[in-house]
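Student: below are the sequence and a predicted model; questions follow.
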Amino acid sequence: MANVTVFDHPVIKHKLTLLRDKNTGSKQFRDLVSEISMLMAYEVTRDLKTAEIEVETPLTKTTGYELSGKKLGIVPILRAGLGMVDGILNILPAARVGHVGLYRDPETLKPVEYYCKLPSDIAQRDILVLDPMLATGGSAVAAIDFLKDKGCVHMKLVNIIAAPEGVDVVKKAHPEVPIYVAGLDEKLNEDGYILPGLGDAGDRLFGTK
């Protein structure tokens with residue numbers, strides 16, 4: 001699938017299976033979301049630019065590398081996207097974090113915005129948009145639309161699991177935005193939930209129903 005990366009790493013597959021298990025409790029679920037996000041960050045950031053610098057080891061001077069180019073921004077879609085933030089920050093501690101609050105109307109399945117707080121220089125940053133679930137694609141499209149309105153140009157969408165329907169919706173609305181998923185599932189059910197999925201990620205993260 002063009003511009004879509006589906007991870008095939010055995011450790012991610014193992015942790016994703018544990019994440020799906022209905023018997024996995026909230027504490028372990030939170031840990032798994034964070035760990036999978038951290039593992040995904042390695043591939044998501046593969047194209048970051050570096051610059052050579054001189055560094056002195058205890059024995060001699062040598063050439064090393066540091067990240068260069070645009071600074072990074074992380075924007076989780078509330079509330080479930082919060083579960084991915086710490087894992088990403090473990091790899092990218094200097095990234096700034098913004099928040100976009102969206103919920104899915106249970107009748108229309110359309111996203112409704114209720115909160116937004118972004119770094120003042122968000123338009124000058126490369127953005128990772130985080131949400132564990134890419135179901136109908138409505139929330140992701142709305143979040144990317146909103147960030148574009150704020151001047152953001154370079155964005156990537158990072159999801160733990162996705163439905164083909166949601167991927168298609170995002171690709172149609174924002175074909176230039178790469179999508180990274182740990183697992184691409186079969187389909188949506190009649191209620192707009194991913195099958196086989198993992199249930200409601202927000203409820204499982206925070207122990208709510």
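Tutor: Great, that's in hand. Residues are numbered from 1 along each chain as shown.

Student: what's the spacing between stretch 184-197 and its chain's center?
Tutor: 18 Å (C-alpha atoms, centre = their mean, to the nearest Å).

Student: same check on stretch 187-207?
Tutor: On C-alpha atoms, centre = their mean, the centre of stretch 187-207 falls 16 Å from that of its chain.

Student: quick one: contacts of stretch 86-102?
Tutor: 33-39, 41-42, 45, 71-79, 85, 111-119, 121-122, 125, 128, 130, 139, 142-143, 146-147, 158 (C-beta atoms under 8 Å, 6 or more residues apart in numbering). Bear in mind the C-beta positions are built from the backbone N, C-alpha and C, glycine included.

Student: just the buried subset of these, written out for PyMOL, thanks.
Tutor: A single PyMOL command selects the buried members of the contacts of stretch 86-102 (16 or more other C-beta atoms under 10 Å):
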select buried, resi 33+34+35+36+37+38+39+41+45+72+73+74+75+76+77+78+79+85+111+116+118+119+122+125+128+130+139+142+143+146+147+158
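
Student: which SS class is the residue sitting furthest away from the middle of the chain?
Tutor: If you look at how far each residue of the chain sits from its centre, by C-alpha atoms, centre = their mean, the farthest one is Leu59, at 40.6 Å. Following DSSP: H, G, I helix; E, B strand; the rest coil, we place Leu59 in the coil state.

Student: need the contact list for it.
Tutor: Contacts of Leu59 by C-beta under 8 Å, 6+ apart: none found.

Student: list the contacts of the helix ranked longest in the chain.
Tutor: Identified as the longest helix of the chain according to DSSP state H is helix 26-44. Here helix 26-44 makes contact (C-beta under 8 Å, 6+ apart) with 5, 7, 9, 11-12, 15-16, 18-19, 24, 83-88, 90-92, 128, 130, 132, 156, 158, 160, 180, 182, 201, 204-207.

Student: try it again at 6 Å.
Tutor: The contact list for helix 26-44 (C-beta atoms under 6 Å, 6 or more residues apart in numbering) reads 12, 15, 18-19, 83-84, 86-88, 90-91, 158, 160, 180, 182, 204-205, 207.

Student: do a quick rundown of the helices in this structure.
Tutor: Counting by DSSP H, the helices of the chain are 10-20, 26-44, 82-91, 138-149, 164-173, 201-206.

Student: any idea how far the second one is from the middle of the chain?
Tutor: So the one you mean is helix 26-44. 10 Å.

Student: next one: stretch 85-105
Tutor: How far stretch 85-105 lies from its chain's middle: 8 Å, per C-alpha atoms, centre = their mean.

Student: just the terminal-to-terminal distance for that stretch.
Tutor: Distance between the two ends of stretch 85-105: 24 Å, counting by C-alpha to C-alpha, to the nearest Å.

Student: and it, average pLDDT?
Tutor: Mean pLDDT, stretch 85-105: 89.

Student: just the buried residues of it, please?
Tutor: 85, 87-89, 92, 95-102, 104.
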